[in-house]
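In: Got a sequence here, can you model it:
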Amino acid sequence: MAVPAVNITIEQGADFSSTFTITNSDGTVYNLLNNTAVAKVKKFPESTTSYDFSTSITVSTGKITLTMSDDITSTIPAGRYYYDILITNTVTGLKTRVIEGMVFVSASIS
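Out: Numbering: from 1, shown residues only. Next up is the predicted model:
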C-alpha cells in the first residue's frame, strides 16, 4: 500500500482533531480489525523530542481519528514538523505506516 501524504495544520493552544479514512489501493476500506494506531509529531524524523496524538479507530468505516488537547498543542513551538500514523496488527505484529505528511503549527496570539 502506498503511503498517502496529507498535510495538516495545528493551531497552537487549541484542541486539535482530524479523521482519516484508510483505504486499499482499489479504494475499498482498509480492514482495521485487530489494529492499534500511534501517531507523533516531530521537528525532524530523527528528532528525539516528539508530541503524541491520541488515536481512535472505527473499524467498520476504516477511520482513524487523531486528537491533541490544547495542553499539548500549547507546548509545541510554531513552525513546520513531520507526522505519521503507524498501525500495528495485534495478531500478526505487522506494522504499517498508513498516513504521513507535514504539520504546520500556527502561533497563538491569545
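In: Name the spans of this protein whose pLDDT lies under the cut-off.
Out: Counting by pLDDT under 70, the chain contains low-confidence residues at 1.
In: so D84 makes contact with E100?
Out: Yes - judged on CB atoms under 8 Å, D84 makes contact with E100 at a distance of 4.2 Å. C-beta here means a position set from N, CA and C on the backbone, and glycine is covered the same way.
In: Overlap of the contact sets of those two?
Out: V3 (CB atoms under 8 Å, 6 or more residues apart in numbering).
In: list the contacts for the residue of the chain lying at maximal distance from its centre?
Out: Ranking residues of the chain by C-alpha distance from their mean position (CA atoms, centre = their mean) puts S110 at the top, at 25.9 Å. Shown in contact with S110 (CB under 8 Å, 6+ apart): G13.
In: Against I72, how distant is it?
Out: Distance, S110 to I72, using CB to CB, to the nearest Å: 17 Å.
In: Also Y83?
Out: According to CB to CB, Y83 stands 13 Å off from I72.
In: Tell me which of these two has more neighbours.
Out: Applying other CB atoms under 10 Å to Y83 and I72 shows that Y83 carries more neighbours, namely 21 against 18.
In: So what are the sheet partners of whichever strand or helix holds the more buried one and their directions?
Out: Per DSSP states H and E: Y83 is located in strand 79-89. Looking at strand 79-89 with DSSP bridges, its partner strands are strand 35-42 (antiparallel), strand 95-106 (antiparallel).
In: Show me the contact partners of that strand.
Out: Residues outside strand 79-89 that contact it (CB under 8 Å, 6+ apart) are 3, 8, 20, 22, 32, 34-45, 53, 55, 64, 66, 94-105.
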